[in-house]
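# for reference, the sequence and a predicted model appear below.
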Amino acid sequence: MDPEVTHKPAPLPKRWQIAMPIPTHVDRELAEFSPIMRQLLYNRGIETALVARAFVEASSPYPTDPFYLKDMEKAVELLRQAIADGVQVAIYGDYDADGVTATALLYEFLNVVGSRPIPYIPNRFDEGYGLNMEAIDSLFAQGVSLVITVDCGVRSVKEIAHSREVGMRMIVTDHHLPGDEPLAADAVINPKQAGDLYPEKNLAGVGLAYKLAQAYLQRYPCEQVDADRWLDLVAIGTVADLALLSGENRMLVSRGLKQIRSSSRQGLFSMAQVCDLNLQKTSAGNIGFILGPRLNAAGRIDSAMAAFELLTTQDFMQAGQLAQKLEVQNEHRQAMTQEIQSQAVEMALGRDPAAPIIFAARPEFNEGVVGLAASRIVETFYRPAIIGHVDAHHTVASCRSIAEFNITHALDQCADLLLRYGGHSAAAGFSVSNDKWELLQERLLRIAREAFEGVELIPELQIDREILLDKLDAKYVPGILEDLALLEPTGRGNPDALFCSRNLKVRSARTVGADGAHLKMMLRAGNREYEAIAFRQGHWFKDMPGMVDIAYTFEVNEYMGNRKLQLRVRDLKPSPEG
């Protein structure tokens, strides 16, 4: 393919918001840190030395006793009784990486404390998200007396009522927003429910599964068993689910990463070998871009049970085969995502280029990857996107949104049209009868137009600090990289440090990647030169400016044993002076 040709729309220009300089009194308070680190801490809302130390040490700033969670006492005693009585327990999970890691965690935990649970993860294509009546009946027929949900269930009012009718007890652990109707569950572990006093409201589904195991072992200790043995799973599920990496989540992920780096989990070892990942240097970014997508691919393409089996198997032959299977599924998922994205954009822009929400749904759109396509569309057009799969009677859709539009609140206003729905402010999913699909689009468009009235929709980049690269002495670079390491784990709520520099001369530029999607540059600032890589910005190559302003992160590029400083460019603009 000609490297100058690209079939992808160029990303929208972004508004750069450079952080205000650190106030003098905060600068003095944080004097034990470097000047750059002080600014980075201040930009993340940290103004005291005590909080700053807790941040860099990745410790929790508030109590983490699991019994602060509402209903935890009930859940532990119910589980204890079930184990003592020898009744059959089932773990009912979700098919994404958060749900799979949570299911694996409780499965291993219950096996350790004397139960032999049945793991159950619904098939996305046959059963859809969350609890369903057929699954409950099937588990009951297998003799299950207690079901523990992970990463689902908090809105399954009818299904939980049905489980009580057939005689099964239910513990719900779920981090999603509860609905208005009360649940008939025996215990509900969810820090977002009314009356819950637990200070960390942003635990992922796997985080709540961990808190249940932690509480049980705190009340009923088991020799040489600590819930922390499953922190590798907590880290993977938390990062993959885009949970906020602040507070307790930051602590759990930091500790979980240390465990991954010395992992004895056969499935992780095999997956790392297949995708050429050095587990000893694993970061939160590696989870988000390498491990998480492969675990998610199983549930998007076929059955998530393959990912569950990979995480729990101790057989290296089986782990190797499953890791290869997930790798192939992930490659298939990538190709399908790109195809759906292209078709969806063509459909939406052909219908109404100015619509405040991009809608597209077709029978051939794979239900498992429509959410990924929606995410890519939002990145490109900075508008909410709703992409769906259409079958004979229903449309099942995934929604992705922007900061200015809470998609779940919008769906709340359409609840009378929907068969089921749920999610977060930026991501949600729903199913709707085909005869109400057009009406739903009309209502959501009206809601969006009202929300966007008078609002300029321009994506923003939050810049931590402007740097004069021509003044950056090479001897300071190692110190900067050490400071950036203190920010780890980074992710949602604690982004990588982002800098900007202006008036850089483009010494050379070329496209890289199979389709010329990325841009490799050599940039000069004064008498210093810097290698730079700009992913998904190959479109600049045709009309490459001679001088550029860039927003970027620092990183070390390792190749053939050589380590070089590299600028990873997040955004690029022609320099006004150029």
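Everything's here; your move. Numbering: from 1, shown residues only.
# dump the residue contacts of Thr238.
Neighbouring residues of Thr238 by CB atoms under 8 Å, 6 or more residues apart in numbering: Asp98, Leu203, Ala204, Val206, Gly207, Leu245, Asn249, Leu252, Val253, Gly256. C-beta coordinates here come from the backbone N, C-alpha and C atoms, glycine included.
# so Ala428, which state does it fall into?
strand (DSSP: H, G, I helix; E, B strand; the rest coil).
# my guess is it meets Gly422, correct?
Yes: shown here, Ala428 and Gly422 form a contact pair, counting by CB atoms under 8 Å, at 6.5 Å.
# who has more neighbours, the two?
Ala428 (25 against 21; other CB atoms under 10 Å).
# now do that one, the pLDDT please.
The model reports Ala428 with a pLDDT of 91.
# same deal with Gly578?
61.
# between Ala428 and Gly422, what contacts are shared?
If you check Ala428 and Gly422 against CB under 8 Å, 6+ apart, the residues they both contact are Thr408.
# ok, back up a step: between the contacts of Thr238, which is closest to Asn123?
Asn123 lies nearest to Asp98 out of those, by CB to CB, at 17.2 Å.
# how close does that closest one sit to Leu40?
Distance, Asp98 to Leu40, by CB to CB, to the nearest Å: 28 Å.
# between the contacts of Thr238, which has the most around it?
Most crowded among the contacts of Thr238, counting by other CB under 10 Å, is Val206 at 36 neighbours.
# that one contacts Leu106, doesn't it?
No: if you go by CB under 8 Å, Val206 and Leu106 don't touch, sitting 9.3 Å apart.
# now do the shared contacts for the two.
Val150.
# now do the strands in the stretch 151-300 of the chain.
169-173, 187-189 (DSSP state E, counting those that start in this stretch).
# and Ala284, how many residues sit next to it?
Ala284: 26 neighbours (other CB under 10 Å).
# what sits against it?
Ala235, Val239, Leu245, Val253, Leu257, Glu488, Pro489, Thr490, Gly491.
# and with 6 Å instead?
Going by CB atoms under 6 Å, 6 or more residues apart in numbering, Ala284 touches Val239, Pro489, Thr490, Gly491.
# ok, the nearest residue to it once chain neighbours are set aside to Leu208 distance?
Closest residue to Ala284 apart from its sequence neighbours, by CB to CB, 6 or more residues apart in numbering: Pro489 at 3.6 Å. Look at Pro489 and Leu208: by CB to CB, they are 19 Å apart.
# now Lys258
21 Å.
# so Ala90 is in which element?
Assigned by DSSP states H and E, Ala90 falls within strand 88-92.
# my read: Gly516 touches His539, true?
No: using CB atoms under 6 Å, Gly516 is not in contact with His539, being 9.0 Å away.
# residues in a beta bridge with Gly429, which ones?
Here Gly429 sits in beta bridges with Ser398, Gly422, going by DSSP bridges.
# what count of nearby residues applies to it?
24.
# is it true that it touches Val396?
No: assessed by CB under 6 Å, Gly429 is found out of contact with Val396, at 7.4 Å.
# next, count neighbours for Pro356.
Neighbour count of Pro356, defined by other CB under 10 Å: 20.
# please renumber the chain so that the first residue is 63 from this point on.
I'll keep to 63 as the first residue from here, and by that count the last item is Pro418.
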